[in-house]
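Visitor: Quick one, what's the 3D model for this:
(chains A and B)
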Amino acid sequence: MSESTNYTVEQVKSRIAEAFPTAVKFVKKEKPRRLFMTADKGSLFELCKLLKDQLGFEHCSLVCGVDRIDRFQCVYHISSIANKIVAEIVVDLPKDKPEIDSVTPLWEGANWHERETYDMFGFIFVGHPKLERILLPEDVTFFPLRKDFQVGGI
Amino acid sequence: MDLSMYPHALAMSAKEFIEWSTNVMDDLVRATGVKKALDKVSDPLMNWGVRNSMYPLHFGIACCALEMAACSGPRFDNERLGLVFRSSPRQCDVLLVNGWVTKKLRPGLRRLYEEMPEPKWVIAMGECAISGGPWYDSYNVVQGVDEFIPVDVYIPGCPPRPEALIDGFLKLHLKIKGQGIGKFMED
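Guide: Below you'll find the model as predicted:
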């Protein structure tokens, strides 16, 4: 949050498109003060860095996972209180190796969100300071929110 | 009482003297029937005291804790029955389990139970604490609190009303009445 100027959704969009011409795609979904995009998993950290350092997105509201059966998705909601914008970033992850860079170095608040996502979906957040179980006991071996998890089949 | 067990009766150590005098007192009290009379007085007295000062642990897990709070409010006022919610397990004699027990909470709850001094009782309140309730077959909820601590009174309901909670405590009164905890001299 070095700059004091406020940005509109269009300005944020153009700044991101300028920096990531291929890696970030905007989803055609119109809502006031919302910004929807998909990103490559390799460029996610750089995108978040741009959002935080130059565009004034100071708060990571949510990190969660989605199981699309053929692939995983990791969803980030990054909000800017100064700009009054919430940006949603969706990252596709392969089913066999769900690894993604952690955004905890940027926003400390993402720490527990990422641990919970690891707990429920088994995503590996590379660079996370303490990637352990948070809601389930330590000795649990399954990831309960995956679609292939059977209820009562423990 | 035979003094042949104490050949050095005139030169006893302090420990020996205490043991000997205790035996003398015990035998005397038994032989004269004072013990029976004492128990007759002490048992109802102590029982009455214990029954009317049951301190449950103030440990709310889930929505049944709201009923517990309503029960301690002015309308149902459980303090007229001597139920005072205490915050430390060392000052309690009733563990009121109200809500689902997750597998992560299980060792903590067991430890709370172990920290309570004897005599102690456990009340399982609500479906979740009795059998898992809506979380039947869940991967993270213990299927009934009686899997790992002994339960004395079950209060069914989802959640039970404050009247039901008070009724459960009155049922516990009946149980304590039959336990004879005031008989401090063993037969």
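Visitor: Any stretches of chain A with poor pLDDT?
Guide: A:1-4, A:152-154 (pLDDT under 70).
Visitor: residue boundaries of the helices in it?
Guide: For chain A, the helices defined by DSSP state H cover A:9-19, A:44-53, A:110-121.
Visitor: what ranges do the strands span in the chain?
Guide: You didn't pick a chain, so chain A it is. With DSSP state E, the ranges of strands along chain A come out as A:24-26, A:34-39, A:59-67, A:72-80, A:85-93, A:99-101, A:124-126.
Visitor: please go with chain B instead
Guide: When assigned using DSSP E, the strands of chain B occupy the ranges B:94-98, B:121-125, B:153-155.
Visitor: who does the first one touch, helix- and strand-wise?
Guide: If contacts are counted by 3 or more CB pairs under 8 Å, 6 or more residues apart in numbering or on different chains; DSSP states H and E, strand B:94-98 sits against helix B:64-71, helix B:106-115, strand B:121-125, helix B:126-131. For glycine as for every other residue, the C-beta is placed from the backbone atoms N, C-alpha and C.
Visitor: Domains in chain B, by residue range?
Guide: As assigned by automatic domain parsing, chain B contains the domains B:13-51, B:64-177.
Visitor: weakest of these in terms of mean pLDDT?
Guide: Averaged per stretch, pLDDT over these is lowest on domain B:13-51, reaching a mean of 85.
Visitor: can you pull the buried residues of that one?
Guide: Of the residues in domain B:13-51, B:W20, B:K35, B:D39, B:D43, B:N47, B:V50, B:R51 count as buried by neighbour count, 16 or more other CB atoms under 10 Å in any protein chain shown.
Visitor: hmm, back to that, check the domains of chain B for me and report the most buried one.
Guide: Each of the domains of chain B was assessed for mean neighbour count using mean count of other CB atoms under 10 Å in any protein chain shown. The highest is domain B:64-177, with a mean of 17.
Visitor: Distance from the chain centre to it, please.
Guide: Centre-to-centre, domain B:64-177 and its host chain are 12 Å apart (CA atoms, centre = their mean, to the nearest Å).
Visitor: Also stretch A:91-105?
Guide: For stretch A:91-105, the distance between its averaged C-alpha position and the chain's averaged C-alpha position is 9 Å (CA atoms, centre = their mean).
Visitor: And A:T117, how far from chain B?
Guide: As for A:T117, its distance to chain B is 16 Å (criterion: CB to the nearest CB, to the nearest Å).
Visitor: For the nearest residue to that residue once chain neighbours are set aside, which residues are in contact?
Guide: Leaving aside its sequence neighbours, A:T117 sits nearest to A:G65 (CB to CB, 6 or more residues apart in numbering or on different chains; 4.9 Å). Contacts here follow CB atoms under 8 Å, 6 or more residues apart in numbering or on different chains; on that basis A:G65 touches A:F72, A:Q73, A:C74, A:V75, A:T117, A:M120, A:F121, A:F123, A:L145.
Visitor: picking that back up, could you dump the strands of chain A into TSV with distance to B:E67 added?
Guide: Supplementary listing: the strands of chain A in TSV, determined by distance: least, CB to CB, whole Å:
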stretch	distance to B:E67
strand A:24-26	50
strand A:34-39	41
strand A:59-67	33
strand A:72-80	36
strand A:85-93	38
strand A:99-101	44
strand A:124-126	40
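Visitor: B:R80: which of these is closest?
Guide: Of all these, strand A:59-67 sits nearest to B:R80, with 47.8 Å by CB to CB.
Visitor: and the angle from the closest one to helix A:110-121?
Guide: Between the axis of strand A:59-67 and that of helix A:110-121 there is an angle of 10 degrees, by axes from the mean of the first three to the mean of the last three CA atoms, to 10 degrees.
Visitor: any idea how far A:F149 is from the residue of chain B at minimum distance from chain A?
Guide: Here chain B gets closest to chain A at one residue, B:D137, 4.1 Å apart by CB to the nearest CB. When distance is defined by CB to CB, to the nearest Å, B:D137 is 13 Å away from A:F149.
Visitor: most packed of the helices of chain A?
Guide: Per-residue neighbour counts averaged over each of the helices of chain A give the maximum for helix A:110-121, namely a mean of 21 (mean count of other CB under 10 Å).
Visitor: just the angle between it and helix A:44-53, please?
Guide: Our comparison of helix A:110-121 with helix A:44-53, counting by the same axes, to 10 degrees, yields an angle of 150 degrees.
Visitor: could you say what helices and strands helix A:110-121 packs with?
Guide: Packed against helix A:110-121, as judged by 3+ CB pairs under 8 Å, 6+ apart, are the following elements: strand A:59-67, strand A:124-126.
Visitor: tell me the most buried of those?
Guide: When you average the neighbours per residue for each of those (mean count of other CB under 10 Å), strand A:59-67 leads with a mean of 19.
Visitor: That one vs strand A:85-93, what angle?
Guide: Counting by the same axes, to 10 degrees, strand A:59-67 lies at 30 degrees to strand A:85-93.
Visitor: Each with direction, which strands does strand A:59-67 pair with?
Guide: Using DSSP bridges, the strands paired with strand A:59-67 in its sheet are strand A:72-80 (antiparallel).
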